[in-house]
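Just a sequence and a predicted model for now, questions to come.
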Amino acid sequence: MATEALVSFAVERIGEMLIQEASFFKGVRGQVDRLHKDLRAMQCFLEEADKKQEEDSRVRNWVSEIREAVYDAEDIIDMFILNAQSLRTHSFPERAFKKLTNRYKVGKKVEAIQLGLQDISNRREALGIKNIGEATSMSRSAQMLQDLRRSTPHAEEHVVVGLENEVDKLVNQLIGIDQRRRVISLVGMGGIGKTTLAKKVYNHTQVLKHFPDCRAWAYVSQDCRPRDVYMQIIKQICSSTKEQVEMVEKLQEHELGAFLHEHLKDNNRYLIVLDDVWSPSDWSCLAKRSSNDPDCLGNVFPDGGKGSRLLLTTRNKEVASHADARSIPHEMQLLSKQKSWDLFRQKAFLDIDAESYLPDLKELGEKMVDKCNGLPLAIVVLGGLLSKNMSHIEWRKVHDNMNAYLAKEGSQTGSNDNYVISTRKLLLLWIAEGFVLEQDRQSMKDTAEIYLNELINRNLIQVVRTSVNARVMECRVHDFIRELAIEKAKEHNFFGTNIVVDPHLCPSTSSSLFSSKSRRHNFITKCFKVLRVLDLEGLGIENVPSVIGELIHLRYLGLRHTGLKMLPLSIGNLRNLQTLDINNLKRVPDVIWKITNMRYLYIEEQEEDDPLKIDTVQNLQILSGITFNQWVRNNSSKLTCLEKLKIEGRCELVEGVEFSNSIAKLHSSLKSLYLKASDESSIPSLAMSSCPHLCKLDIKGRMEKLTETFQFPRNLSQLTLEACRLDCDPMPILEKLPKLLTLRLRAGSYLGKEMHVSANGFPRLKILQLLGLSKLVLLNIEKGAMPFLMKLQFNFKQRSLDLMSC
């Protein structure tokens, strides 16, 4: 089905271009339209062909020819639009002549593709490929999307086979009576289940009770970077404001190690998991061991004689003995034949009894499981791949081509398999690449999230971090899955790999390309004319050349954390740009209004507050980082698709009623609002009751008084207050919010000493955080309040908080 999916995406995209870029196709529209119809007709045969190609090389070649024809059609149309766009700057006689030339050329190329498609179609009957009908394909796609909507993400694997005894042994080691700090290591090949077992133990009830205050999980990977690992741990064990986090992020590596050491030393006991440590030298680098003495416990992870533990997962047994010579490493074993089948059955057949299927299907499954040689990840992936298709043909195809689905046992690739990626970024990249199609009454980002959850449920993507409402925030893929994906992508000519061997170009090629002294600017536009994604996040870049405005097919431009202060005005020429992600600019050029296809705009922490027109960008769904002054100068009623809005900066000159009205105009779409006032300025008064879809509200900055209950959105489920400097107890107002699930009161939000929650207050609240409230000494909770509370978190380092229930 891979080819069918690729062709479907391409055909839909060509159809969209015919609509959106209609002005460019004058003179050739008829030919391009016919080509689109021919390609759509080919879709009707692809499901049947996909089933046959593994067993017939002639069909495989036939499918490959269709795929190449689709790629060629996309490229021709992209280049035609590019050439038509570039002619706008030419004189009329030159423009007229070149238009005719371009139309003639594209007409000839389209004609050649159509002749090729006709030849491909003529050979179809000889290969025995039947027309299954377009309606069938479309209805199946609709059904698939409906099934995907029921998917939910899970950070922890709940189906654990063959690990029950290991869980008990490890739990006993972690909570044992030995008060010295111990390092316990899980050792085994990639995919054997080390991380799954570690997660199960980490979330075990007894472990949670034994380490109630200080627990953290950090991914190390082959590319061991102590600074990154320290930051992962610090963010989990320290309840800090954003400013404190930013301050810590500026520390050098050795300073971070010292900071972490002091914090761990101050705690009663701690549990730290270091997942995927590759070598003894990596452990030494992380622990900063200063001698070969096994009793020398390093400078980062202290031994306070309180029973602290570190849990390591590693493929290298030497890591275990190097980390703690007195602890016996826990060596993972491959699954037995019966346990392998039990695991596969739960993944492939889900809740349905395997015996209810045809005997030959069960027989095929047992043969495939045997080929996995007891490796849990291989079995889980195989089960996930087969779980959605119970046809004998599909199972037989996988059985006959197991090498295409399973990497070699114990393979240790050089890939950065533990690279963690932000879910927000991943979804936007998928959209920019054209992998996500428009759906009725659903945003592309929501559709992309459904796809992500399906991949997670099939165990093809691993969850790293989730939000309080269980949405996936960060994820990664195992090297096993990565190798499989690369193999399939190469097979379908989906991408190529270029290796830079010139030492003068590596590793700072991207940085040097955008140097103010670089002569390679023309190289960018010549070699990447139809580029859709340019992601330079984290690279040090001096400037972006004006020629970037010639990359008119660009859909994603990522420039976050690059150090850039200015963008060229030519950025306004990127008429197809959907995502611009950048921060810390001195000023944003006032050309965004030209980019009418923009959907996701991230421009946080502008240094200057110059006017910025954005109300012409009517497709905008996320706007993050616009200033209060910039916002009120726009007509917000035109932004009918805006779902998420973050406004920041100085706001003392913003009139309260005007600002409140500008938010009220978003009543039909707004779901999330974040207001962040800088310095001593106060958040303008705000009535949000007219925004029925608003469910998430963050306010950071001084407030004259808290908004009355009736002025809050009636569907508000998440509320965060910080630096509001409220003198009056906010609980009498907030406890009446009927649908509030999460309440965070952070540093400076409340300056009083006491809080009181009355009976029946917070009827649906599940999470309450009280962090950094320096003067609070008493929280009084009446009987019957917060009946569904699951998590109460507070952090008062210098004193205790009295909890009273009456």
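Everything's here; your move. Numbers count the residues shown, from 1 in each chain.

So for the chain, the centremost residue is which one?
Most central residue of the chain, judged by C-alpha distance to the mean C-alpha position with Cα atoms, centre = their mean, is T423 at 0.9 Å.

and the gap between that one and N583?
The span separating T423 from N583 equals 18 Å under the rule Cβ to Cβ, to the nearest Å. For glycine as for every other residue, the C-beta is placed from the backbone atoms N, C-alpha and C.

List the residues that contact the residue nearest to the centre of the chain.
Contact analysis of T423 by Cβ atoms under 8 Å, 6 or more residues apart in numbering lists 449, 452, 471-475.

which helices and strands does whichever strand or helix holds D370 pack with?
When elements are assigned from DSSP states H and E, D370 belongs to helix 359-371. Using 3 or more Cβ pairs under 8 Å, 6 or more residues apart in numbering; DSSP states H and E, the elements in contact with helix 359-371 are helix 337-348, helix 376-386, helix 392-400.

among the ones you listed, which is nearest E487?
Closest of the helices and strands packed on helix 359-371 to E487 is helix 376-386, at 12.9 Å (criterion: Cβ to Cβ).

in a strand, that's where M786 is, yeah?
No - checked against DSSP: H, G, I helix; E, B strand; the rest coil, M786 lies outside a strand; its state is coil.

Double-check F628 against L645; I have them as touching.
No - proximity of F628 to L645 does not meet the contact threshold set by Cβ atoms under 8 Å, at 11.6 Å.

overlap in contacts of these two?
What both F628 and L645 touch, as defined by Cβ under 8 Å, 6+ apart, is an empty set.

Phi, psi for the residue nearest to the centre of the chain please.
Main-chain dihedrals, T423, degrees, to the nearest 10: phi -60, psi -40.

same deal with V70?
Backbone phi and psi, for V70 under degrees, to the nearest 10, turn out to be phi -70, psi -40.

neighbours around it, how many?
By other Cβ atoms under 10 Å, the residues close to V70 number 24.

now D446
15.

secondary structure class for it?
Going by three-state DSSP, the secondary structure assigned to D446 is helix.

Check N634 and give its pLDDT.
Residue-level confidence at N634 comes out at 95, pLDDT.

What residues does it make contact with?
With contacts defined as Cβ under 8 Å, 6+ apart, the neighbours of N634 are 613-615, 662.

What's the separation between it and I592?
Using Cβ to Cβ, one gets 11 Å for the distance from N634 to I592.

Also F344?
In this view, F344 and I592 are 52 Å apart by Cβ to Cβ.

again, but for K306
Between K306 and I592 the computed distance is 55 Å (Cβ to Cβ).

These two - which one has more neighbours?
Neighbours per residue (other Cβ under 10 Å) separate K306 from I592, with I592 holding more: 24 against 14.

The more buried one against P611, yeah?
No - with contact taken as Cβ under 8 Å, I592 and P611 are classed as non-touching, separated by 11.1 Å.

so where's the stretch 501-650 of the chain uncertain?
Per-residue confidence of the stretch 501-650 of the chain (counting by pLDDT under 70) places the weak regions at 501-526.

Tell me where it has strands.
Under the criterion DSSP state E, counting those that start in this stretch, the stretch 501-650 of the chain carries strands at the ranges 533-535, 556-558, 579-583, 600-604, 622-627, 644-649.

List the neighbouring strands of the fifth one plus their orientation.
Partners of strand 622-627 in the sheet, by DSSP bridges, are strand 600-604 (parallel), strand 644-649 (parallel).

Need the residues that contact that strand.
445, 583, 599-606, 609, 612, 614, 639, 642-650, 674.

quick one: that strand to chain centroid distance?
Distance, stretch centre to chain centre, for strand 622-627: 20 Å (Cα atoms, centre = their mean, to the nearest Å).

What would it look like as CSV? C-alpha coordinates only.
Provided in CSV are the C-alpha atoms of strand 622-627 (Å, rounded to 0.1, in the frame of the first residue of the first chain):
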residue,chain,number,x,y,z
ILE,A,622,-1.2,29.6,15.5
LEU,A,623,0.3,33.1,16.3
SER,A,624,3.0,33.1,19.0
GLY,A,625,5.0,36.1,20.0
ILE,A,626,3.2,39.1,18.6
THR,A,627,3.4,42.1,21.0
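
change the start of the numbering to 4 and stick with it
Sounds good: first residue 4 from here, last item strand 625-630.

between it and strand 582-586, what angle do the directions make?
Interaxial angle, strand 625-630 versus strand 582-586 (axes from the mean of the first three to the mean of the last three Cα atoms, to 10 degrees): 40 degrees.

re earlier: comparing the helices and strands packed on helix 362-374, which comes out most buried?
Each of the helices and strands packed on helix 362-374 was given a mean neighbour count from mean count of other Cβ atoms under 10 Å, and the largest, a mean of 24, is that of helix 379-389.

circling back: please spell out the PyMOL selection for the buried subset of the contacts of strand 625-630.
Buried members of the contacts of strand 625-630, identified by 16 or more other Cβ atoms under 10 Å, are gathered into one PyMOL selection as follows:
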select buried, resi 448+586+602+603+604+605+606+607+609+615+617+642+645+646+647+648+649+650+651+652+677
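
so what sits against both of N637 and I595?
Applying Cβ under 8 Å, 6+ apart, one finds that N637 and I595 are jointly contacted by 616-617.

Quick one: the strands paired with strand 625-630 as a markdown table, columns for distance to V190 too.
Output for those, formatted as a markdown table (distance: least, Cβ to Cβ, whole Å):
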| stretch | distance to V190 |
| --- | --- |
| strand 603-607 | 42 |
| strand 647-652 | 44 |
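
so which of the ones you listed gets nearest G193?
strand 603-607 (35.2 Å).

got the CA coordinates for that closest one in PDB?
Included here for strand 603-607 are C-alpha records, laid out as PDB according to Å, rounded to 0.1, in the frame of the first residue of the first chain:
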ATOM      1  CA  TYR A 603       1.800  28.800  11.900                       C
ATOM      2  CA  LEU A 604       3.800  31.900  12.900                       C
ATOM      3  CA  TYR A 605       6.300  31.800  15.800                       C
ATOM      4  CA  ILE A 606       8.100  35.100  16.500                       C
ATOM      5  CA  GLU A 607       8.700  35.100  20.200                       C
END
